[in-house]
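Engineer: Here's a sequence, model it:
(2 chains)
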Amino acid sequence: MTETTSAEQFGSSRVKRGLADMMKGGVIMDVVNAEQARIAEDAGAVAVMALERVPADIRSQGGVARMSDPDLIDSIIAEVSIPVMAKARIGHFVEAQVLQALNVDYIDESEVLSPADYVNHIDKWNFTVPFVCGATNLGEALRRITEGAAMIRSKGEAGTGDVSEAMKHIRTIKGEIARLSSLSKDELYVAAKELQAPYELVAEIAGTGKLPVVLFVAGGVATPADAAMMMQMGADGVFVGSGIFKSGNPQARANAIVKAVTFYDDPSVVAAVSRGLGEAMVGINVSDLPAPHRLSERGW
Amino acid sequence: MSVGVLALQGDFREHAEVLRSLGADVELVRRPEELARISGLVIPGGESSVMDKMARAFGLAEPLRAQIRAGLPVYGTCAGLIMLADSVLDAIRGQESLGGLDIAVRRNAFGSQTASFETDLDVPVLGATPVHAAFIRAPVVETVGPRARALATLADGRCVAVEQGNLLGTSFHPEITGEHRFHEYFLGTVARVGFRG
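Structural biologist: All right, here's what the predicted structure looks like:
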C-alpha cells in the first residue's frame, strides 16, 4: 500500500457524471470488433460501445440478446484508448458486475438487449462504474437518475435508421423540462407525482431548466444531418449504432458525423461533410414496426 | 478583448460559466478567425484525440500553435493539458498536440473509469486551502522539463499541475468541482500579459 495524505474517493457521482461531461459534443459509436473500434477512434469518436451485434442485426436475427462475450470486450479495450462502454440487459445486475470486473468505462443498461427483469432496473448506486440508461420521457429519465444513472440517452428506435423516434423522445424530454420550469412550487408536488419521480429532483430541474446529468440522443441517427439536428434540439451528444457500420462507407460516414456534431449549427459544414458518403443504412420505417417489436417500449 | 474557450468538444460550457462568474467576457472558439478576438484561451476537458483531429481538420491547429509561441495565455484541463504538452505518451495513432509546455504527459494514466477519483490537493500558489480535484480518466505529467515547473503533486509524487510562462495545465477539472481559483489565477495572467494577436 502506498501512503496517502488525503483520502481518494472513487465512484462518486461527480466522477461518474463527470466522465459523461467530458464526452459532450461528441459521438459514441457502436462497434462489434477491434477493427471497427479502430475505425471509430481514428474517425474521432469520444467513446465506443462494444457489442456483439448492432441493433439492426439484433432486430433482423431475433432471439435473446445478451451482454457481449468478455473476450470481445477485452479485445476492444485493448485496441483503443478512448472510453469503452458495454451493454447489460435491463435489470441484469450480474451482467453489470461482470462488465465492471472487465473494467469497462461505462455500462449501458439497454433496452436494445432482451430485458432480464420486467419489474426492476439495476440498482446503479451499488457500482463504481457509471451507467447510462435510455429514456423516452422525463419521468423515465428521472427514475433512472434516482436509481443511480450518471448519464441519460433518449432511446429513439435503435436499429432502424429512422430518426423520427429520436426526435419524438428529445422533444418530449425537453418539452417536459420546459414545462416544469413554468410551474409554481405547489404545482411541482403534483408534477413529481405524475412523473413518478422524487420531489427534490423535480424541483431541482424546475430551477435549473436541465437534467442534472448529460443527455445524449440515440436510436435512428444515420446521417450527418440527423446528428446535427439532434444537437440543434439540445442534445449534449449523439450515439450512432447501426448507422455507421451498416452503411456503404463506414470510415467516411463516421468522420462526417463527428464533424457535423462539432459544427451542428453551421449548415455549410454539414453540407460539405454530407457529400460522397455512399449508401446510408437501408433502414426500416418505425411506422412499419409492430408495437411489440419496438425496443423503445422496453423499460419503464 | 475576451477570453476564449476552445469549443470543439468536451466540457467547454462549464469553463465558460466559471469564467463568466468571474466577470470575464467569454467567446467560444471553433474557427481560426475567432482566435483574433481573444487575449487568452481555455482548452477544456474532453477527449484529446478528438480535439486534435477537429483542430487540424478545421484549420485551427497551426494558427493556435503560432499564437501560443507568440505568448497567448492558455489554460488546459485534462485533455487541454494533453493538448499543451510538448510530448504525449500513449497517444492514439497519428495524434498531435499543440505543444508549448516542456512536459511529457501520459494519457489516461490511472486506468479505466473505475480508477477515477476525487481528492484534496495542496497547490501552494493558490494559498493554504487545498484544492478539491476530480481526476477523470486523467493524464499525469510524467516528465517536467527544465522550462516548466510543477504546481501540484499527488501524495505519491506524480505531477498533476504545471506552469510555464503564460501557460497553465492541470490533470484535473476545477470547472466541475466549484473550484474557481485556477481560473482566477489564469485571468490574472491574461490581464497581466494583455495579449493581442
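
Engineer: residues from the stretch 51-200 of chain A in reach of chain B?
Structural biologist: Counting by CB under 8 Å from any CB of the partner chain, the residues of the stretch 51-200 of chain A close to chain B are A:77, A:80-83, A:100, A:103-106, A:128-130. Where C-beta positions appear, they are placed from N, C-alpha and C, glycine not excepted.

Engineer: hmm, which of those are the buried ones?
Structural biologist: A:77, A:80-83, A:100, A:103-106, A:128-130 (16 or more other CB atoms under 10 Å in any protein chain shown).

Engineer: now, among the residues you listed, which is nearest to residue A:240?
Structural biologist: residue A:82 (14.4 Å; CB to CB).

Engineer: Tell me the spacing between that closest one and residue A:41.
Structural biologist: Going from residue A:82 to residue A:41 by CB to CB, to the nearest Å gives 5 Å.

Engineer: So for these two, which residues contact both of them?
Structural biologist: Residues touching both residue A:82 and residue A:41 (CB atoms under 8 Å, 6 or more residues apart in numbering or on different chains) are A:48, B:49, B:92.

Engineer: For the closest residue to the second one other than its chain neighbours, give me its contacts.
Structural biologist: It stands for residue B:49. Closest residue to residue B:49 apart from its sequence neighbours, by CB to CB, 6 or more residues apart in numbering or on different chains: residue B:92 at 4.5 Å. Residue B:92 makes contacts with A:41, A:42, A:80, A:81, A:82, B:49, as judged by CB under 8 Å, 6+ apart.

Engineer: Surely the third one is in contact with residue A:37?
Structural biologist: It refers to residue A:80. Yes: Residue A:80 is in contact with residue A:37 according to CB atoms under 8 Å; the separation is 4.9 Å.

Engineer: Quickly list what's touching both of these two.
Structural biologist: The contact sets of residue A:80 and residue A:37 overlap at residue A:48 (CB under 8 Å, 6+ apart).

Engineer: re the thing from before, give me the distance between the residue nearest to residue B:49 and residue A:68.
Structural biologist: For residue B:92, the distance to residue A:68 - CB to CB - is 23 Å.

Engineer: next one: residue A:202
Structural biologist: Using CB to CB, residue A:202 is found at 36 Å from residue A:68.

Engineer: where does residue B:28 land in three-state SS?
Structural biologist: strand (DSSP: H, G, I helix; E, B strand; the rest coil).

Engineer: got the contact list for it?
Structural biologist: B:4, B:5, B:7, B:12, B:16, B:34.

Engineer: neighbouring strands for the helix or strand encompassing the first one, and are they parallel or not?
Structural biologist: Looking back up the chat, that one is residue B:4. Residue B:4 is part of strand B:2-6, with elements assigned from DSSP states H and E. Taking DSSP bridges as the criterion, strand B:2-6 pairs within the sheet with strand B:26-29 (parallel), strand B:38-43 (parallel).

Engineer: so which of those is the most packed in?
Structural biologist: Among these, strand B:38-43 has the highest mean neighbour count (mean count of other CB atoms under 10 Å in any protein chain shown), at a mean of 26.

Engineer: residues of the helix or strand that that one is followed by that come out buried?
Structural biologist: As assigned by DSSP H and E, the chain's next helix or strand after strand B:38-43 is helix B:48-57. By neighbour count on 16+ other CB under 10 Å, the buried set for helix B:48-57 is B:48, B:49, B:50, B:51, B:52, B:53, B:54, B:55, B:57.

Engineer: do stretch A:260-272 as well
Structural biologist: Buried, per 16+ other CB under 10 Å, within stretch A:260-272: A:260, A:261, A:262, A:263, A:264, A:269, A:270.

Engineer: could these go into JSON lines alongside pLDDT?
Structural biologist: Compiled in JSON lines, the buried residues of stretch A:260-272 are given as follows (pLDDT from 0 to 100):
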{"residue": "A:260", "pLDDT": "98"}
{"residue": "A:261", "pLDDT": "98"}
{"residue": "A:262", "pLDDT": "98"}
{"residue": "A:263", "pLDDT": "98"}
{"residue": "A:264", "pLDDT": "98"}
{"residue": "A:269", "pLDDT": "98"}
{"residue": "A:270", "pLDDT": "98"}
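
Engineer: contacts with chain B among those, please.
Structural biologist: Answer for these near chain B (CB under 8 Å from any CB): A:262, A:263.

Engineer: Next step: the buried residues of stretch A:260-272 restricted to helices.
Structural biologist: Among these, the members falling in helices (DSSP state H) are A:260, A:261, A:262, A:269, A:270.

Engineer: So what does residue 60 have for phi and psi?
Structural biologist: Using chain A here. When quoted as degrees, to the nearest 10, the phi and psi of residue A:60 stand at phi -80, psi -30.

Engineer: my bad, chain B
Structural biologist: Taking degrees, to the nearest 10, you get phi -90, psi -30 for the backbone angles of residue B:60.

Engineer: Let me see the contact set for the spatially closest residue to it that is not a sequence neighbour.
Structural biologist: Excluding its sequence neighbours, the residue lying closest to residue B:60 (CB to CB, 6+ apart) is residue B:32, at 5.4 Å. Neighbour list for residue B:32: B:58, B:59, B:60, B:63 [criterion: CB under 8 Å, 6+ apart].

Engineer: who's in contact with the third one?
Structural biologist: In other words, residue B:60. Contacts of residue B:60 (CB under 8 Å, 6+ apart): B:8, B:29, B:30, B:31, B:32, B:35, B:54.

Engineer: shaky segments in the stretch 151-300 of chain A?
Structural biologist: Along the stretch 151-300 of chain A, the model assigns pLDDT under 70 to no residue.

Engineer: And the closest residue to residue B:96 other than its chain neighbours, what's its pLDDT?
Structural biologist: The spatial neighbour of residue B:96 that comes closest, neighbours along the chain excluded (CB to CB, 6+ apart), is residue B:52 at 5.6 Å. Looking at residue B:52, its pLDDT reads 98.

Engineer: Surely residue B:52 and residue B:61 touch.
Structural biologist: Yes: Residue B:52 is within contact range of residue B:61, at 7.4 Å (criterion: CB under 8 Å).

Engineer: any shared contact partners between the two?
Structural biologist: residue B:96.

Engineer: Pretty sure residue A:280 sits against residue A:247.
Structural biologist: Yes: at 5.4 Å, residue A:280 counts as touching residue A:247 under the criterion of CB under 8 Å.

Engineer: what touches both of those two?
Structural biologist: Common neighbours of residue A:280 and residue A:247 (CB under 8 Å, 6+ apart) are A:222, A:253.

Engineer: More neighbours: those two, which one.
Structural biologist: residue A:247 (22 against 17; other CB atoms under 10 Å in any protein chain shown).
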